[in-house]
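**Student:** Got a predicted structure here, sequence first:
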Amino acid sequence: MISQFFVLSQRGDNIVFRDYRGDVQKGSAEIFFRKVKFWKEDGKEEAPPVFNMDGVNYFHVKVVGLLFVATTRINLSPSLALELLQRIARVIKDYLGVLNEESLRKNFVLVYELLDEVIDFGYVQTTSTEVLKSYIFNEPIVVDAARMPPLGPAALFMQGNKRMPGTAVTKSVVAHEPGGRKREEIFVDIIEKISVTFSSSGYVLTSEIDGTIQMKSYLTGNPEIRLALNDDLHIARSGVPNYGYSSSGAGAVVLDDCNFHESVHMDSFDVDRTLSLVPPDGEFPVMNYRITQEFKPPFTINTLIEEAGSLKAEVILKIRAEFPSSVTANTILVEMPLPTYTTRVNFDLERGIVGHAADFKESQKKLEWSMKKIVGGSEHTLRAKLNFSQELHGNITKEAGPVSMTFTIPMYNPSRLQVKYLQIAKKGKSSNPYRWVRYVTQANSYVARI
């Protein structure tokens with residue numbers, strides 16, 4: 001049971017506010033934003049997703065730069081509240097097509113109508129886009145997505161040599177194309193978030209893939225979809241003759257565990273690894289899976305740190321892309337905590353490389369190295385000379401690191417899980433819906449010890 005729901009911009013402006021129960025003060029949005037903006041508790045500079053202040057529990061998630069917040073005075077499950085906020089954001093995006101400050105302001109009547117149907121007197125009723133279509137009567141005001149900067153991996157997807165239509169993932173599930181027609185198309189995204197920990201000598205200590213097959217359908221008539229996966233797909237390592245890492249990428253795809261959306265039928269999954277379903281409106285996960293089988297990490301990280309006198313040291317960071325040259329990684333960021341007595345850092349970047357930058361965050365005592373893109377098979381090096389305010393005592397490697405990395409790699413997935421075909425059971429022979437199958441890999445926790 002929640003008392004209030006509101007959405008704040010990055011400046012703290014109140015875009016949407018709904019008070020369901022009246023038991024929390026009206027100025028809670030301003031109180032929340034001031035607390036989050038100037039958070040200094042527990043030695044951290046970023047507020048946790050859940051905290052209590054003056055007897056009020058605040059829950060928040062950040063979605064494309066917007067803060068979705070819920071408040072309550074009761075002891076509500078944090079997991080429930082955070083999941084609810086994510087689902088509300090997803091429902092609003094399904095209806096508006098584009099989720100940003102402008103689209104929320106232009107469609108505030110529709111957004112409030114959605115909130116009144118999703119939550120009644122603080123109690124959740126439904127977060128299903130399919131169910132809400134029966135109760136929502138306002139049409140969305142479409143915001144031009146072409147003027148917007150890309151806000152996530154969706155903007156990076158490619159289909160062969162053909163780039164996705166600009167409006168591919170920014171369409172409302174209820175709005176029609178100009179002329180009253182609706183473009184028949186379906187999107188299937190295989191999104192994998194990987195967690196890897198390297199030892200100081202470069203060996204993989206732990207590795208895990210959290211993956212999901214997301215689907216978003218713009219098909220009329222709710223036709224049945226058949227989705228075929230790898231023939232050599234195995235679950236829970238049962239009956240696998242050979243699993244394990246090999247540089248050639250051979251071997252079966254082994255899932256430790258997985259779960260499916262309620263609309264998925266598993267009748268022939270054990271026989272030919274085919275899923276059949278009638279997709280509901282909106283974006284939804286067809287399948288979630290987890291893999292702990294060893295895989296080839298997309299990047300290797302080598303770090304060398306050496307003393308260069310009593311008040312100086314040198315750091316050499318080397319990143320190598322281990323994926324094919326036909327693949328390009330985007331928005332790469334490498335971070336490395338430095339000793340607390342570091343006062344200045346001088347960087348030596350590779351010459352002739354566009355889009356590389358390095359910075360020393362003095363308040364956080366952290367080195368940041370950002371790259372716009374890295375082509376597969378390439379190697380990049382950063383040299384940094386550190387200056388200290390006091391003499392070194394003991395081993396410097398114990399006071400620096402570990403090195404962490406974030407990145408996005410479109411059209412690449414380390415698990416090798418593939419969609420073999422996407423079959424649509426359409427009654428009319430004249431229509432041929434567009435099918436888009438896209439892959440993306442993102443870093444969840446990519447850490448190298450030094």
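**Tutor:** Here it is on my side, so go on. Quick caveat, the model's predicted, so the values are computed rather than measured. Numbering: from 1, shown residues only.
**Student:** wait, Ile291 sits on Arg416?
**Tutor:** No. Ile291 sits out of contact with Arg416 when judged by Cβ atoms under 8 Å, with a separation of 9.9 Å. (C-beta placed from N, C-alpha, C; glycine too.)
**Student:** Find residues that contact each of those two.
**Tutor:** Residues touching both Ile291 and Arg416 (Cβ atoms under 8 Å, 6 or more residues apart in numbering) are Val253.
**Student:** Have a look at those two and say which one is more surrounded.
**Tutor:** Between Ile291 and Arg416, Ile291 has the larger neighbour count (other Cβ atoms under 10 Å), namely 23 against 16.
**Student:** Now do the nearest residue to that one once chain neighbours are set aside against Val264, distance only.
**Tutor:** Once flanking residues are discounted, Ile291 sits nearest to Ile209: 4.1 Å by Cβ to Cβ, 6 or more residues apart in numbering. Note on Ile209: its distance to Val264, by Cβ to Cβ, to the nearest Å, is 20 Å.
**Student:** what does Leu85 give?
**Tutor:** Note on Leu85: its distance to Val264, by Cβ to Cβ, is 25 Å.
**Student:** and Trp449, what does it touch?
**Tutor:** Quick fix: residue 449 reads Arg, not Trp. Arg449 makes contact with 197-200, 401-403, according to Cβ under 8 Å, 6+ apart.
**Student:** circling back to that earlier point, point me to the helix or strand that includes the residue nearest to Ile291.
**Tutor:** strand 204-217 (DSSP states H and E).
**Student:** cool, Leu110 as well?
**Tutor:** Counting by DSSP H and E, Leu110 is part of helix 108-118.
**Student:** helices or strands up against that helix?
**Tutor:** On a contact count with 3 or more Cβ pairs under 8 Å, 6 or more residues apart in numbering; DSSP states H and E, helix 108-118 meets strand 14-19, helix 78-96, helix 129-132.
**Student:** Could you export the ones you listed as a markdown table, including distance to Ala448?
**Tutor:** Conversion of those to a markdown table gives the following (distance: least, Cβ to Cβ, whole Å):
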| stretch | distance to Ala448 |
| --- | --- |
| strand 14-19 | 40 |
| helix 78-96 | 30 |
| helix 129-132 | 41 |
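**Student:** weakest of these in terms of mean pLDDT?
**Tutor:** Mean pLDDT is lowest for helix 129-132 among those, at a mean of 86.
**Student:** list the buried ones in that one?
**Tutor:** If you call a residue buried by 16 or more other Cβ atoms under 10 Å, then helix 129-132 has these buried ones: 129-130, 132.
**Student:** thinking again about what came up before, when Leu85 and Val264 are compared, which one has more neighbours?
**Tutor:** Leu85 (23 against 20).
**Student:** helices and strands of this structure: which one has the lowest mean pLDDT?
**Tutor:** When the helices and strands of the chain are scored by mean pLDDT, DSSP states H and E, strand 158-159 comes last with a mean of 38.
**Student:** before we move on, back to that, give me the neighbour count for the residue nearest to Ile291.
**Tutor:** Using other Cβ under 10 Å, Ile209 has 23 other residues around it.
**Student:** pLDDT below threshold where in the stretch 301-450 of the chain?
**Tutor:** Applying pLDDT under 70 to the stretch 301-450 of the chain picks out residues 393-394, 427-431.
**Student:** Stretch 27-47 - what's its average pLDDT?
**Tutor:** Averaged over stretch 27-47, pLDDT sits at 85.
**Student:** cool, stretch 270-277 as well?
**Tutor:** pLDDT averaged over stretch 270-277 gives 90.
**Student:** Stretch 172-189 now?
**Tutor:** Averaging pLDDT along stretch 172-189 yields 70.
**Student:** give the contact list for Ile191.
**Tutor:** With contacts defined as Cβ under 8 Å, 6+ apart, Ile191 is in contact with 153, 211-212, 214, 439-440, 442.
**Student:** Apply 7 Å and report the result again.
**Tutor:** Taking Cβ atoms under 7 Å, 6 or more residues apart in numbering, we find Ile191 in contact with 211-212, 214, 440.
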